[in-house]
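Engineer: sequence first, predicted model second:
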Amino acid sequence: MARGLRSRATDIRRRSPSCRRSRAVATNCPAVYAALQASQKGIPFIPLRGLIGTDLLRARSDWKVIDNPFGQDDPIVLLPAIRPDVALFHAAAADTNGNVFIGREREVLTMAQASRQTLVTVEALVDTDFLEDDATAAGTLPAIYVSGVAVAKAGARPLGYLDRYGTDEAVLAEYAKQARTREGFDRFLERWLRAEERVAA
């Protein structure tokens, strides 16, 4: 199952120009979240008030300031929707129907519903139906929004995950050092994936 998920992720990376070449843009967390919500709701843009008066507006020509059509002298910013090709995240568990338990991490629900595909790694696969249990249904991402699931114990490493395991500060420090160049990043990633495969075996 994990091999199939990796193959699908690799295929998406090869086909997506944004995965081969990327550029940094100025933004902030509320703007990203709001733009994802626009795609989640199936609308082309969304208003956000908190950007008025910030330097971000000078850096983003695709953000439009308009007058509130329901008020007077009330400017508001319109953000274009963000529609990711794929959402990737780690979760505690999936059930045998493909539903994923995300608990209180509601931002990943927004990511999944905004994206064209969603690939999830989980700590465990459980023989149950999360949507049939009142204790888990409210914190479950339905399988209809999930393109693929793979079991990957400690799959969030080197970051920590909930109270299951902590962050590996040494690995993150090495990543920060190596990732300053594309070549260094590629070397780090190859070593990390080989190490994780040995642990999984």
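Structural biologist: That came through fine.
Engineer: now Ala124: which helix or strand?
Structural biologist: strand 117-126 (DSSP states H and E).
Engineer: if you could redo that for Ser39, that was the one I meant.
Structural biologist: helix 29-41.
Engineer: for that helix, name the packing helices and strands.
Structural biologist: Contact analysis of helix 29-41 by 3 or more Cβ pairs under 8 Å, 6 or more residues apart in numbering; DSSP states H and E lists strand 45-48, strand 75-80, helix 106-114 as its packing neighbours. From N, CA and C alone the C-beta is placed, and that goes for glycine too.
Engineer: among the helices and strands of the chain, which one scores worst on average pLDDT?
Structural biologist: helix 2-15 (a mean of 47; mean pLDDT, DSSP states H and E).
Engineer: tell me which residues of the top helix by length along the chain are tucked away?
Structural biologist: In the chain, assigned by DSSP state H, the helix with the most residues is helix 182-200. Using 16 or more other Cβ atoms under 10 Å as the test for burial, helix 182-200 gives 188, 192.
Engineer: what's the answer for stretch 158-168, then?
Structural biologist: For stretch 158-168, the neighbour count (16+ other Cβ under 10 Å) marks 158, 161 as buried.
Engineer: list the contacts of it.
Structural biologist: The contact list for stretch 158-168 (Cβ atoms under 8 Å, 6 or more residues apart in numbering) reads 90, 92, 123, 154-157, 171-172, 175, 192.
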